[in-house]
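# Just a sequence and a predicted model for now, questions to come.
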Amino acid sequence: MGVSRSGYYKWKKRDKSDRDIKREEMIALVEKVHTEHKSHGYRWTAAYIRLNYGYDCSDNYIYKCFRFLGIKSETKHQVHYRKRKEKDKYPNLIFTTWETVDRPRQVIVSDMTAFKFWILYFEVTFYFDVFTKEILSYRIAARKGDRNQYIDGLADVKELLKGQTEPVVLHTDQGSVYASIAYNDLIKDTVIVRSMSRAGKPTDNPVNESLNGWMKEELYMDFEINKCRNREEFAAVLERYVDFYNKHRPCYSLGYETPVNFRKSFFKGEIRRKHTFENRVLSEEPKFVQKRRKMGSS
């Protein structure tokens, strides 16, 4: 830290500052008020202290005191939480192991994103290759809530995978179409294995969420898609963008290579396959929690 040992111990033995003393007084006062009035929360406690003790304290400051003391308002009415009945149609085969994907067409993700501008509204379903970040297919819905965009996109992906023998994980959220029998009947007798994010967990599909965000930013700012005034113009701009994205747009996560060139480099043998995906260890625990535990144990 760049501090001498003697300076550190001198700092530890220093007298309490006025700020430290006032903080301790406030914490003691909050604890006293809470002991006498347990049914009230931090906002009421802050108002009570301002009115009756003359302290100029903010609600946020009292909230921090509550957190420090580990207290909260109490009630005689107990809240009974029912565990949500959750039935995942397909298991999550990825969780936090996205970085283990080590070849093209190994994991494909899909999601629908909406474009709303002027008086127009379009829904577009994309299919991405996780390893190369390439847009494998996209379909524009004929109308709001149309199911065919998902199914037609899946048909495109099936065509791309013809002749492939290694399994392909198709990861989506638990949308009604992705979970439907009609959608999943299309992949019977194929190499595609289904995987789904947990309900209410958009972070289970970070690749799709991230790419959708970047694409929208570029489509609005660089390709001015919001200036389109009909479906034909929208489709033309989107087609031009997908060609740019796959063939000409440098991708940071690919070392500023384009998705198409990255895929070609892999099949030329210029990118070594690491065989990490089949050895992945699935865990529902978020990455930052895993890192903190490792740091704590080291």
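Nice, I can see it.

# Just the buried positions in the lengthiest helix in the chain, please.
Selection of the longest helix in the chain by residue count, based on DSSP state H, yields helix 18-36. Residues of helix 18-36 classed as buried: Arg23, Met26, Ile27, Leu29, Val30, Val33, His34 (neighbour count, 16 or more other Cβ atoms under 10 Å). Yep, even glycine has a C-beta here, placed from its N, CA and C like the rest.

# helix or strand right after that helix?
helix 42-53 (DSSP states H and E).

# show me where the chain has strands.
107-117, 120-129, 135-140, 168-172, 192-196 (DSSP state E).

# on contacts alone, who are the packing partners of the first one?
The reference is to strand 107-117. strand 120-129, helix 148-160, strand 168-172, helix 206-221 (3 or more Cβ pairs under 8 Å, 6 or more residues apart in numbering; DSSP states H and E).

# Okay, Asn205 and Glu224: tell me how far apart.
28 Å (Cβ to Cβ, to the nearest Å).

# who's more crowded, those two?
The neighbour comparison of Asn205 against Glu224 (other Cβ atoms under 10 Å) goes to Asn205, with 22 against 10.

# so what's the more buried one up against?
By Cβ atoms under 8 Å, 6 or more residues apart in numbering, Asn205 lies in contact with Val109, Asp111, His171, Thr172, Asp173, Ser197.

# Compute the number of surrounding residues for Asp15.
6.

# so where's the stretch 51-200 of the chain uncertain?
Scanning the stretch 51-200 of the chain for pLDDT under 70 picks out 77-88.

# looking at the strands of the chain, which is buried most?
Comparing the strands of the chain by mean neighbour count (mean count of other Cβ atoms under 10 Å), strand 168-172 ranks first with a mean of 23.

# who's in contact with that strand?
Counting by Cβ under 8 Å, 6+ apart, 92-94, 105-111, 154, 157, 161, 178, 187, 191-197, 205 sit against strand 168-172.

# and the gap between Ile108 and Phe126?
Distance from Ile108 to Phe126, by Cβ to Cβ: 10 Å.

# cool, and Glu239?
Taking Cβ to Cβ, one finds Glu239 at 13 Å from Phe126.

# try Thr172
From Thr172 to Phe126 the distance is 11 Å (Cβ to Cβ).

# before we move on, the earlier item: please tabulate the strands of the chain in JSON lines, including the columns distance to Lys294.
As requested, the strands of the chain are exported to JSON lines (distance: least, Cβ to Cβ, whole Å):
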{"stretch": "strand 107-117", "distance to Lys294": "25"}
{"stretch": "strand 120-129", "distance to Lys294": "30"}
{"stretch": "strand 135-140", "distance to Lys294": "35"}
{"stretch": "strand 168-172", "distance to Lys294": "26"}
{"stretch": "strand 192-196", "distance to Lys294": "26"}
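
# Report the contact partners of Tyr220.
Contacts for Tyr220 (Cβ under 8 Å, 6+ apart) come out as Phe117, Asn226.

# Kindly tell me how buried the residue nearest to Val177 when sequence neighbours are not counted is, as a neighbour count.
Excluding the flanking residues, the one nearest Val177 by Cβ to Cβ, 6 or more residues apart in numbering is Tyr150, at 4.5 Å. Counted with other Cβ under 10 Å, residues neighbouring Tyr150 total 26.
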